[in-house]
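Novice: quick one: sequence and predicted model below, then my questions.
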Amino acid sequence: MMTPRTLAGALAFAVLAVAAPFAPAWLVSLATVAFANGLVVLGLVILWRAGLVPFGQALFYATGAYTVALIGRYTGVHDVFVTLAAGAAAAGLVAFLTGFLLARYRDIFFAMLSLAMSMILYGVLVKTETLGSTDGFHVESGTFLGFAPAGALHDLAFYWLVLAVCALAALQVAIYFDSVAGMLGAPVRDNEIRVEFLGISVNRLIHLKLVIAGVLAGLGGALAALAVEHVDPSMSYWTTSGGFVFVTILAGAGSVAAAFVGSLVFELVRSIAVDLFPGEWQIALGTALLLTILLLPGGLGSLVGRLPRLKRKTGAA
Amino acid sequence: MLTAFAILTDGLVYAAYLFLVAVGLTLIFGVMKILNVTHGSFYAFGAYGAATAVGIYANADWPDAAGFLLMIALAMAIGLMLGLVLERGILRFAYGRDEVVVVLVTYAVFLMLEDVIALIWGRESYGAYQPMVAAGNIEIGDLVLSNYDIGLVAIAALVAGLGYWALKHTRYGRLLTVVIFDRETAAAFGINVKVVYTVTFVIGAMLGALGGAVMAPKISVTLGIGVEVIVLAFAVVVTGGLGSIEGALIGSLIVGLCRAAAVHLVPQIELFVIYAVMALVLVFRPYGLFTQAQPRKI
Amino acid sequence: MINRISVLPRVGVLAAAALAGSVSLAAAQQPAAPIKIGIVSFLSGPAASPFGVPGRNGAEIVIEALNAGTAPAPFNTVGLGGTKIETKYVDEAGSTAQVVTEFRNLVQRDQVDAVVGYISSGSCLAVTPVAEELKALTVYFDCGTPRIFEETARKYVFRPPPHATMDSVGAARYLVAKHKDINGFSGLNQNYAWGQDSWRDFAGAMKVLAPKAAVDKELFPKLFAGEYGAEISTLLTSKSQALHTSFWDGDLESFVYQEQARGLDRRMPIIYTTGEASIWRLKDKMPDKSIIGGRGPNGPLAPKSALNDWFQKIYIDRYGTPPTYPSYQMALAVLGLKVAWDKAQKAKNGKPTTDEVAKAFEGIEYDGPSGHVKLALSNGHQGIQETAYGTYRFNKQTKQPEVVDVVRFPAACVNPPNGVNADDWIKGGMQGAKCN
């Protein structure tokens, strides 16, 4: 299992983990949220490779987040391992159920149907005044198997948890991409009917991918809820889904690392734009993204993949 | 009884609004297969252009009819220029790429245009209410209807009729229909698909701006009006079927009537209605209401 | 081999990005001498024009005057405690996670001494626990929900302007005072927390003040719907005798245009709880006899005072339009910070720490351009003020909006007493309300 790429990935995560205590606190917080969102993007990469782009991943993101929040609020359980598992499982269940309908659709219809589902959840959450409607409610700090650090140590511990979860997810997805089911993504995108003729049920395959993406999105939402310590219905709104799709395309579907790199770069660029241009940051952000899309056809992920080739050309044996 | 009548009129007015917003989008979508997020910007520019026009003619004391025409003309001119600049200047560099990448380009452009609007017109909101006030109203029992709303329904019907006739009975309209159906074959027949793309995008932009212009007298023209309109337009287009004007019309009517009924009778579900209708239609007709049968490509 | 070589660039890219980011942003920091305040409000999107920009302008003009020492007494000392104030404006737009990220950036990266701002209740609710965790002095100016201090006691977070319960309770009191025999009323509120809370407060207060009046239609159109034909039809064909709406800006103006074209305001009085912010834009388009609220004694509802005259003058001179309630609320927040800071500075005779300012902030009372405010609720963290409602009239001679028939309700009449949750207070019959 220790392929060169896996080794590189593991090292990258290790560096990110070790660098954290020396990095400024605001950067660690930003990176925590960015990596949590990176999980959602990872799920979208899986689906994109199969030619599907849902505009409703926020449904699973919000499901994961609200599961964590509701468990904390009504049962008093704050242990992150329990709530994360519950959040991922809940999102997976929703993905499994909605997948029966969604797997039958393609292209824009798939995108809009998944959007409709996320907006229905949004409507339900907005109407639920006991959960604070659009204001949402507070999520208590997560505890780690009874260990409850406070303040800066908690932020650091949580960052490491997010890194660990992302590393695990990245590994799993990389293995998946090397498996038959993962590799069937591209053929399904190119020509479904031929894949059917090979004897494989495309709908079942897509259903599986939907569940995997749903679990990843739910995990991302659960982590985000714990990182920001707040949930609200906008986590299910279509602009949230749009944001994830945005980052996915920005990152490119080239590799697993792309999802996290893209997510981090996006959050950084947005923060810098808001910092430098408080009144015009949308133009700045839009321009930066437009340039990236037009100049880097493979997305940001292609930058990371390109460098080894460059190194080789410049004389490294 | 009056309630039923109110539901009918409200449904028609809302349907007119939806149709005017969605018709340009379904055209662009049908021909170019692009989810054009910038459509929201066309709507917004049309509305701001109309507000400017109303400002001009209100101060110059023109007759209302002339002012209304100026409003429409200015908005469509803005749509024309904007559509042309965007398509030739930015969009065409993204054509060969994955469809979703093109969506992203339109989204990035939409973000930028939002701030461009703020730079041109500032962050204040504008009123363009003069045409609506000038139109007056009529009373039917307890119910008072605005003549402007009735006019909107007429305009929507006119656009629907013209569009349908243009697509089915003019030479260029039939070219467009061919490209909607199968781009490759159309190109193989010698149709200049690139020009068709540009023309379609411009027409779509003008229709989007028209939608914004006719709605401007009813609303407060402010930053962000393009955003909400996008999802509504997409929902209607998907419900009706891509590239189909009759689909956009029927889709708008269904959603409009359902929503009006919800507001009068069951206000709690008003938030979901458009999505529930769309989902329901998709369950029974996975490609929307009006799409031609596509041959399977092996 | 590829593996060993590919590791370095991959790691290098990430490390370089992180380092470059933090270094460049650290370099943008200013020297420690002036007091840095982060001002957060909506600078983009639909909430910018009615609230975000007026709020920001209110901060800008007041802080400029403070730095120049030209504010009237007792605010005529320079800046905060004699030190000039340096401001950084941040846009509140974005998801809740992004709002929290930007708050952390202000506190940890830019090292501001205080954060003043926030319009959306969701932002306030999300930022509060973070402010407490980071021990960052935070002063809210506009968000309406009473939940901020009701759910947990806070140490570093303050809100001088009153919360939104006062608005709808005041509306109910005014309606009942002016139209004693209402027997049915309806509500048209946006379908999100603000609209839902406003309606709940209003209906609850009406139940206490006019038990015979029945709730007729409860309409909740989508936020930013813009098109209210069906809602107006529903109201026209109903038997309601009054309408409550907490609509704001774009939705409010769209609704006013549309309902006027169909004569709804001639059928029933309409209460606009946030109407004050829109009258300068609507002018003669706002129908006469509309009942106008301004989220407190702000704008034309403010009591006459030298401070108010001064504030109006400097604001109009700079921005060309009178200040509306967000500007007033921001002024109240900034001046409250000054009162607390000056008090802490005087007690210590040197630059106070955050803890010392927070301690000094508790329970202060002072006068702003909108009149008297006292931080009387939630251990001295939440302010109460009187409120005022009036009836709109467009003066055709002077071509200016006017609010006449103003009734003032003392703070203790429309705010819950200390220690009682706003919701519980209304449900329990508004016990302890002191109106005269």
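Specialist: Nice, I can see it.
Novice: tell me which element residue C:244 is part of?
Specialist: Under the criterion of DSSP states H and E, residue C:244 resides in strand C:243-245.
Novice: just the strands in the stretch 51-200 of chain B please.
Specialist: B:126-127, B:137-140, B:143-146 (DSSP state E, counting those that start in this stretch).
Novice: strand partners of the last one, parallel vs antiparallel please.
Specialist: This points to strand B:143-146. strand B:137-140 (antiparallel) (DSSP bridges).
Novice: what residues of the partner strand count as buried?
Specialist: Neighbour-count burial for strand B:137-140 flags residue B:137 (criterion: 16 or more other CB atoms under 10 Å in any protein chain shown). The C-beta positions use only the backbone N, C-alpha and C, and glycine is treated the same way.
Novice: same deal with stretch C:284-293?
Specialist: Here stretch C:284-293 shows C:285, C:286, C:287, C:290, C:291, C:292, C:293 as buried, counting by 16+ other CB under 10 Å.
Novice: rewinding a little: any chance of the strands of the stretch 51-200 of chain B in JSON lines with mean pLDDT as columns?
Specialist: Shown next, in JSON lines, are those (pLDDT from 0 to 100):
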{"stretch": "strand B:126-127", "mean pLDDT": "86"}
{"stretch": "strand B:137-140", "mean pLDDT": "88"}
{"stretch": "strand B:143-146", "mean pLDDT": "88"}
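Novice: nearest to residue A:275, out of those strands?
Specialist: Nearest to residue A:275 among the strands of the stretch 51-200 of chain B is strand B:126-127 (30.5 Å), distances taken as CB to CB.
Novice: run a quick neighbour tally on the residue in chain A positioned nearest to chain C.
Specialist: Nearest residue of chain A to chain C (CB to the nearest CB) works out as residue A:4 at 3.0 Å. Neighbours of residue A:4 under the rule other CB atoms under 10 Å in any protein chain shown: 15.
Novice: and what of residue B:58?
Specialist: Neighbours of residue B:58 (other CB under 10 Å): 16.
Novice: pretty sure residue B:13 contacts residue C:229?
Specialist: Yes: look at residue B:13 against residue C:229 with CB atoms under 8 Å: they come within range, at 4.8 Å.
Novice: who does the helix ranked longest in chain B touch, helix- and strand-wise?
Specialist: Secondary structure assigned by DSSP state H gives helix B:2-32 as the longest helix of chain B. In terms of contacts (3 or more CB pairs under 8 Å, 6 or more residues apart in numbering or on different chains; DSSP states H and E), helix B:2-32 is packed against helix B:39-60, strand B:143-146, helix B:147-169, helix B:171-181, helix B:193-215, helix B:225-240, helix B:245-265, helix C:229-236.
Novice: to residue C:259, which of these lies closest?
Specialist: Comparing the helices and strands packed on helix B:2-32 under CB to CB, the one sitting nearest is helix C:229-236, at 5.4 Å.
Novice: average pLDDT for the closest one?
Specialist: Average pLDDT, helix C:229-236: 92.
Novice: and the direction of it versus that of helix B:245-265, what angle?
Specialist: 30 degrees (axes from the mean of the first three to the mean of the last three CA atoms, to 10 degrees).
Novice: so how far is helix C:229-236 off the chain centroid?
Specialist: 30 Å (CA atoms, centre = their mean, to the nearest Å).
Novice: for that helix, output the C-alpha coordinates as PDB.
Specialist: The C-alpha coordinates for helix C:229-236 follow below in PDB (Å, rounded to 0.1, in the frame of the first residue of the first chain):
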ATOM      1  CA  GLY C 229     -49.000  39.800  -5.500                       C
ATOM      2  CA  ALA C 230     -50.500  36.700  -3.900                       C
ATOM      3  CA  GLU C 231     -50.000  37.900  -0.400                       C
ATOM      4  CA  ILE C 232     -51.600  41.300  -1.200                       C
ATOM      5  CA  SER C 233     -54.600  39.500  -2.800                       C
ATOM      6  CA  THR C 234     -54.900  37.300   0.300                       C
ATOM      7  CA  LEU C 235     -55.000  40.400   2.600                       C
ATOM      8  CA  LEU C 236     -57.400  42.300   0.300                       C
END
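Novice: from the contact counts, what lies against that helix?
Specialist: helix B:2-32, strand B:143-146, helix B:245-265, strand C:184-188, strand C:214-219, helix C:249-261, helix C:264-267.
Novice: close to chain B, is the next helix or strand after the fourth one?
Specialist: Once strand C:184-188 ends, the next helix or strand along the chain (criterion: DSSP H and E) is helix C:193-209. No: using CB under 8 Å from any CB of the partner chain, helix C:193-209 stays clear of chain B, with a minimum separation of 11.8 Å.
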